[in-house]
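S.K.: This is the structure alone, sequence omitted:
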C-alpha cells in the first residue's frame, strides 16, 4: 500500500469494492459489481482466505457463475481526499456454493487451497526424491495449471526431500499432513515453513511468523482501536520444549532427536538454561516458576540436523504464541494479512507485539476485528 492509502485509513475515505470472475482458469476475467460481502483471512484455517459475496447482474450456470470452473477475485479499494482508489487484493477464490438472488448470485467462496485439496490422488503415489523447489510446483500445477509458487526468504527451496508415499491428500502432502500410519509427511512442515494461498491467490511457501519479524502496523490506544481490547490466555497447544527427529525407514542414519526450547529468561514459558542435559538447573538456581511443556515431532522428510533445528524453531515459534491472545476492533486496514506482526497499545503506555491470526472485515466497511497471539513475557 502507498503512503497516501495508509494515511487514508485513519480519516474519512471512500472504500469501494470490485470483483472479477473467470471460467477459464484466469486467462480472461469479467467484471462484476458487489452489493455486499465479507472476507475472512485466517491463518489457523486450511483455506487462509474465505469469503461470501453477492455479485450483481451475473449469469449462473455453465457459462456463468458455477461451482465447477468459476474463480472469483475480490478487491477492497481505499481512497482518501483527492486521490483515486488504490485497490488492495482481498483474495482469489473458487466457488463453493452459489444461489440465485433477485440481484444476481450469492456466492460462498473458498481460497485456492480448496482446489488443491479436492484434487486428491486417485491412488497412493510416491513423491520424490527431489528438492522441495521441484516437488511443490509440480504438485500444485497438477491441481492448478499455470499457478505460480512464491518462495519467501526463510524457507529453502533447495532442501532435499526423500521419497515418500502419499495415500491420497495432495494438500496435506504439501503442508503438514500425515499418512495412514500417522507418520508426518508434509513438505512445508518438514522444511520449517507453512504453505497457503495469499491475498492474490498465489501459492506461497513461507517461514512460520515470529514476533521478531518487522512490525507492519502500530495501533495506538484510543486512535485506531475502537472499544476495549479483550485479552485471553490458554495453555491449549502450548509447548516450550520440542524434540525433533527424522528417520526415513530405509536403513539410512536417523536424524536427531535435536532439542529446541524457550531459552529467554524474560519469558513466562522459560524452560530453563538446559532442560535436556541439566533438568535440575532451575531448582539449583532458585527458578521456582519454571515449568516444562514438551512436544515431539518426527518426519521421514527431515534428512539433516540443520533441517531438524529449522523445524524445531518453527514449531517453537508457533507453540509459544498460542497461550496469550488479543481480540480488538480497529479501523479496517485492507492490507493487513494473517501472519503480520503488529504493535498494539493495550492501555496508555503499554505496547505489545502480536501476530495476526485472523482479521475478518465486511467489504466496504470502516472497521475490522482482529484476533492475535503473542508470547507472554514477564513485565520488567
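M.R.: Looks like it arrived, so ask away. Nothing here was measured: the structure is a model prediction, and the numbers come from that model.
S.K.: can you give me the helices for this protein?
M.R.: All helices of the chain, identified by DSSP state H, fall at 3-8, 113-118, 132-143, 170-174, 187-190, 281-285, 305-320.
S.K.: Rebuild those as JSON lines, extending it with mean pLDDT, distance to residue 255 and mean neighbour count.
M.R.: To be clear about C-beta, it is placed using only N, CA and C from the backbone, and glycine gets the same treatment. Formatted as JSON lines, the helices of the chain follow (pLDDT from 0 to 100; distance: least, C-beta to C-beta, whole Å; neighbours: other C-beta atoms under 10 Å):
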{"stretch": "helix 3-8", "mean pLDDT": "88", "distance to residue 255": "45", "mean neighbour count": "16"}
{"stretch": "helix 113-118", "mean pLDDT": "94", "distance to residue 255": "28", "mean neighbour count": "20"}
{"stretch": "helix 132-143", "mean pLDDT": "96", "distance to residue 255": "16", "mean neighbour count": "18"}
{"stretch": "helix 170-174", "mean pLDDT": "91", "distance to residue 255": "20", "mean neighbour count": "24"}
{"stretch": "helix 187-190", "mean pLDDT": "92", "distance to residue 255": "11", "mean neighbour count": "25"}
{"stretch": "helix 281-285", "mean pLDDT": "89", "distance to residue 255": "27", "mean neighbour count": "13"}
{"stretch": "helix 305-320", "mean pLDDT": "89", "distance to residue 255": "5", "mean neighbour count": "21"}
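S.K.: Residue 333: which of the ones you listed is closest?
M.R.: Residue 333 lies closest, by C-beta to C-beta, to one member of the helices of the chain: helix 3-8, at 8.2 Å.
S.K.: Figure out how far that closest one is from the centre of its chain.
M.R.: 25 Å (C-alpha atoms, centre = their mean, to the nearest Å).
S.K.: What of stretch 100-116?
M.R.: Computed by C-alpha atoms, centre = their mean, the chain-centroid distance of stretch 100-116 equals 21 Å.
S.K.: again with stretch 42-53
M.R.: 9 Å.
S.K.: Would you mark the buried spots in it?
M.R.: Neighbour-count burial for stretch 42-53, counted by 16 or more other C-beta atoms under 10 Å, picks out 42-43, 45, 47-53.
S.K.: And these, which is closest to residue 266?
M.R.: Looking across those and measuring by C-beta to C-beta, the closest to residue 266 is residue 43, at 25.5 Å.
S.K.: I figured the closest one hits residue 340, correct?
M.R.: No - with contact defined as C-beta atoms under 8 Å, residue 43 and residue 340 do not form a contacting pair (9.5 Å).
S.K.: Now do the shared contacts for these two.
M.R.: Counting by C-beta atoms under 8 Å, 6 or more residues apart in numbering, the residues touching both residue 43 and residue 340 are residue 356.
S.K.: For the residue nearest the centre of the chain, which non-adjacent residue is spatially closest?
M.R.: Residue closest to the average C-alpha location in the chain (C-alpha atoms, centre = their mean): residue 43, at 3.5 Å. Nearest residue to residue 43 in three dimensions, chain neighbours excluded: residue 338, at 3.5 Å (C-beta to C-beta, 6 or more residues apart in numbering).
S.K.: From residue 41, how far off is that neighbour?
M.R.: Taken as C-beta to C-beta, to the nearest Å, the spacing of residue 338 relative to residue 41 amounts to 5 Å.
S.K.: Which strand in the protein has the most residues?
M.R.: When the chain is scanned for its longest strand (criterion: DSSP state E), the result is strand 86-100.
S.K.: Show me which residues of that strand are buried.
M.R.: Quick answer for strand 86-100 (16+ other C-beta under 10 Å): 86-95, 98.
S.K.: and if you look at stretch 346-360?
M.R.: So for stretch 346-360, counting by 16+ other C-beta under 10 Å, buried means 346, 352-359.
S.K.: Count the residues that sit near residue 267.
M.R.: Residue 267 is flanked by 15 other residues according to other C-beta atoms under 10 Å.
S.K.: where does it land on pLDDT?
M.R.: Looking at residue 267, its pLDDT reads 83.
S.K.: now swap in residue 13 and tell me
M.R.: In this model, residue 13 carries a pLDDT of 89.
S.K.: Identify the residues contacting it.
M.R.: Residue 13 sits next to 78-80 when contact means C-beta under 8 Å, 6+ apart.
S.K.: nearest to residue 276, of those?
M.R.: Of all the contacts of residue 13, residue 276 sits closest to residue 78, with 50.4 Å by C-beta to C-beta.
S.K.: Now for the closest residue in space to the closest one that isn't next to it in sequence: which residues touch it?
M.R.: Of all residues not flanking residue 78 in the chain, residue 5 sits nearest, at 4.9 Å (C-beta to C-beta, 6+ apart). Residue 5 is in contact with 78-80, 83, 86, 88, 335, counting by C-beta under 8 Å, 6+ apart.
S.K.: In those residues, which residue is surrounded by the most others?
M.R.: Of those, with other C-beta under 10 Å as the count, residue 78 tops at 25 neighbours.
S.K.: Tell me what that one is bridged to.
M.R.: residue 86 (DSSP bridges).
S.K.: repeat for residue 367
M.R.: Beta-bridge pairing for residue 367 (DSSP bridges): residue 331.
S.K.: thinking again about what came up before, and which of the buried residues of stretch 42-53 is nearest residue 262?
M.R.: Distances from residue 262 to the buried residues of stretch 42-53, taken by C-beta to C-beta, are shortest for residue 43, at 21.1 Å.
S.K.: chain center to stretch 144-155, what's the gap?
M.R.: The chain centroid and the centroid of stretch 144-155 are separated by 14 Å under C-alpha atoms, centre = their mean.
S.K.: Quick one: end-to-end length of that stretch, please.
M.R.: 22 Å (C-alpha to C-alpha, to the nearest Å).
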